[in-house]
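Novice: pasting the structure only:
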């Protein structure tokens, strides 16, 4: 399966079992969320999506009141519906953990280029802040990335 930036995917349970306890979002009602993928060399950044837009609009407003801005949660139209894009819950993973591409009525789901660019910019900004000592991620991306790099270097 070809993994591409801007498409939505699902992950295998194996990933969540191996990386449990590192701040990953829970499996809600037996159906993990869809994830938007940003490809960065061998590592894939998975960004969870949520249909709970009203919930996340409130959080965004609260963050804007407190900090003057919020780019860790974006609300954008994906597949004709608004979705909360949870940059704060992003995490790295590998292609081997991808279960399948997300489809709606048999059609592969992809975001528009403008939405993709907004998400890439927000992820890069949040990663830059982390490098400067401001960690806005809920997931332990350092530990996950370390474990992933060890997997890449382990001969199969």
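Specialist: Here it is on my side, so go on. Computed from a predicted structure; not experimentally measured.
Novice: Any regions of the chain where pLDDT drops low?
Specialist: 27-32, 154-156 (pLDDT under 70).
Novice: most residues in a single strand of it, which one?
Specialist: strand 43-50 (DSSP state E).
Novice: which strands and helices sit next to the next helix or strand after that one?
Specialist: Later in the chain than strand 43-50, the nearest helix or strand by DSSP states H and E is helix 53-67. If you count contacts as 3 or more CB pairs under 8 Å, 6 or more residues apart in numbering; DSSP states H and E, helix 53-67 packs onto strand 73-78, strand 81-86. Backbone N, C-alpha and C define where each C-beta goes, glycine included.
Novice: Partner strands of the longest strand of the chain and their direction?
Specialist: Here strand 43-50 has these sheet partners by DSSP bridges: strand 35-40 (antiparallel), strand 81-86 (antiparallel), strand 91-93 (antiparallel).
Novice: which residues sit against it?
Specialist: Residues outside strand 43-50 that contact it (CB atoms under 8 Å, 6 or more residues apart in numbering): 3, 8-9, 11, 25, 33-39, 56, 78, 83-87, 89-95, 98, 119, 123, 145, 148.
Novice: Return a PyMOL selection command for the buried portion of those.
Specialist: PyMOL command restricting those to the buried ones, with burial defined by 16 or more other CB atoms under 10 Å:
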select buried, resi 8+9+11+25+33+34+35+36+37+38+56+78+83+84+85+86+87+89+90+91+92+93+94+98+119+123+148
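Novice: which SS state does residue 4 fall under?
Specialist: Three-state call for residue 4 (DSSP: H, G, I helix; E, B strand; the rest coil): coil.
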